[in-house]
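Have a look at this fold, sequence not included:
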């Protein structure tokens with residue numbers, strides 16, 4: 001009690017527990033703003049009871065949390081501590097089943113005007129595994145008698161569309177979707193929809209570029225994880241290598257070949273591992289030519305032989321009649337993942353995505369307001385995502401504990417009282433407003 005000021009010395013302090021309970025009300029019920037949350041608490045008896053305020057006590061001003069965020073919570077990991085503590089409670093209760101984890105990304109529309117944008121030049125960031133890939137490329141070139149490639153130290157520039165309203169957001173374009181400024185939250189959950197970890201970034205970052213950041217947050221569950229289910233966006237060879245090298249099995253979907261209509265598919269060119277070459281549908285050999293800086297080995301046909309080939313129009317449209325087939329230096333990992341795809345167990349695990357991670361995103365957007373960003377700036381969006389997922393885990397943890405009969409009778413009575421008030425208050429307000 002000595003930590004809080006008295007009425008005689010100045011304005012009374014606010015209990016930090018009550019302050020965070022106010023925030024939990026906002027994210028539990030998907031209320032758009034703190035201003036609206038305070039309005040709801042003022043007239044809702046159940047909310048007042050939850051934060052520990054009586055019927056006649058004045059509720060803190062809506063700017064209180066904002067001031068505390070700037071002065072005390074900004075650039076801290078307090079929100080991650082809240083999320084991790086709730087998740088650990090679920091783990092301790094035995095509710096988390098991380099034998100299979102499901103990873104995917106969802107976009108959150110930014111609070112930014114899509115017409116207030118500008119084009120800027122930025123340095124292209126390197127891939128997470130670029131050093132390992134460069135080493136593998138030079139080893140492969142050495143095996144084929146090629147000189148190693150010198151490391152390209154020249155910074156690569158790229159043009160990026162930036163919002164002048166919220167510069168941290170990114171332009172999201174997908175198929176026929178309307179273009180908008182957004183953020184993306186790559187998330188992992190278990191079989192029971194408990195959220196295990198996530199990573200937030202600008203909306204123009206591809207899911208495959210964020211996989212490493214999410215996957216390394218799964219380290220506390222490393223001994224339990226057996227299968228990692230991801231969609232086609234996470235199917236580059238580098239990601240398959242990372243999953244398989246960690247001793248886990250990827251559950252992936254079929255990815256349609258990107259070949260032009262009327263031409264042979266890549267799988268119709270057979271790879272001969274012993275002789276390190278490809279055999280085309282006309283039984284001609286495509287020999288190794290080089291290994292590119294992007295990690296692809298090129299196999300080329302003899303243009304003189306291809307000139308008289310009856311399948312030429314189905315094989316290549318190049319002017320010199322040379323067919324080139326590429327194979328990534330880590331293609332073995334991708335082929336191993338394809339083999340697992342035919343095993344019923346892993347095929348069934350992949351099908352559970354619609355019941356797990358897709359359900360998590362649906363609940364977050366429809367019930368907790370995560371469809372839209374309520375603030376601006378990457379740090380504040382991380383806070384919104386963290387608290388939303390913490391509240392979702394808390395709801396599930398409480399429900400499961402109640403079903404298992406592990407909640408104390410006092411907590412059960414309080415939850416029933418809260419549930420009754422949440423049902424009766426709107427009726428009371430409508431009748432006596």
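Sure, I can see it. Please read these numbers as outputs of a predicted model, since none were measured by experiment. Numbers count the residues shown, from 1 in each chain.

What segments of the stretch 251-400 of the chain are strands?
Ranges of strands within the stretch 251-400 of the chain are 270-272, 277-279, 285-291, 296-300, 324-328, based on DSSP state E, counting those that start in this stretch.

Now do the last one: which elements does it pack against?
Pointing back at strand 324-328 there. Secondary-structure packing of strand 324-328 (3 or more CB pairs under 8 Å, 6 or more residues apart in numbering; DSSP states H and E): strand 285-291, strand 296-300. C-beta coordinates here come from the backbone N, C-alpha and C atoms, glycine included.

Rebuild those as TSV, extending it with mean pLDDT and mean neighbour count.
Formatted as TSV, the helices and strands packed on strand 324-328 follow (pLDDT from 0 to 100; neighbours: other CB atoms under 10 Å):
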stretch	mean pLDDT	mean neighbour count
strand 285-291	94	18
strand 296-300	95	18
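
beta partners for the most centrally placed residue in the chain?
Residue closest to the average C-alpha location in the chain (CA atoms, centre = their mean): residue 186, at 0.6 Å. Under DSSP bridges, the beta-bridge partners of residue 186 are residue 105, residue 199.

which residues does it contact?
103-105, 198-201, 207, 210-211, 213-214 (CB atoms under 8 Å, 6 or more residues apart in numbering).

Show me which helix or strand of this protein is least confident by mean pLDDT.
When each helix and strand of the chain is scored by mean pLDDT, DSSP states H and E, helix 409-432 comes last, with a mean of 49.

Could you tell me the phi and psi values at residue 282?
Note on residue 282: backbone dihedrals following degrees, to the nearest 10 are phi -90, psi 10.

Any figure for the gap between residue 147 and residue 329?
16 Å (CB to CB, to the nearest Å).

Who has more neighbours out of the two?
Under the criterion of other CB atoms under 10 Å, the comparison of residue 147 against residue 329 puts residue 329 first, with 20 against 8.

Isn't the more buried one up against residue 140?
Yes: counting by CB atoms under 8 Å, residue 329 does reach residue 140; the two are 5.2 Å apart.

Between the two, which contacts overlap?
291, 297.

picking that back up, closest to residue 57 out of the strands of the stretch 251-400 of the chain?
Checking the strands of the stretch 251-400 of the chain against residue 57 by CB to CB gives strand 324-328 as the closest, at 64.8 Å.

Give me the residues contacting that closest one.
For strand 324-328, contacts defined as CB under 8 Å, 6+ apart pick out 237, 266, 269, 271, 278, 286, 289, 292, 295-301, 316, 318, 334.

One more: stretch 310-317?
For stretch 310-317, contacts defined as CB under 8 Å, 6+ apart pick out 262-264, 280-282, 301, 306, 309, 321-324.

what about it, start to end distance?
Length of stretch 310-317, first residue to last, CA to CA, to the nearest Å: 13 Å.

follow-up on the earlier one: which one of the strands of the stretch 251-400 of the chain lies closest to residue 31?
strand 324-328 (47.9 Å).

Report the angle between that closest one and strand 285-291.
Here strand 324-328 points in a direction 60 degrees away from that of strand 285-291 (axes from the mean of the first three to the mean of the last three CA atoms, to 10 degrees).

Just the angle for strand 324-328 relative to strand 296-300, thanks.
On the basis of the same axes, to 10 degrees, strand 324-328 is oriented at 150 degrees to strand 296-300.

So which bits of strand 324-328 are buried?
Neighbour-count burial for strand 324-328, counted by 16 or more other CB atoms under 10 Å, picks out 325-328.

quick check, distance from that strand to the centre of its chain.
Its chain's average C-alpha position is 30 Å from that of strand 324-328, according to CA atoms, centre = their mean, to the nearest Å.

partner strands of it, parallel or antiparallel?
Using DSSP bridges, the strands paired with strand 324-328 are strand 296-300 (antiparallel).

Can you tell me what sits against the strand it pairs with?
Outside strand 296-300, the residues within contact range by CB under 8 Å, 6+ apart are 140, 277-278, 286-292, 322-329.
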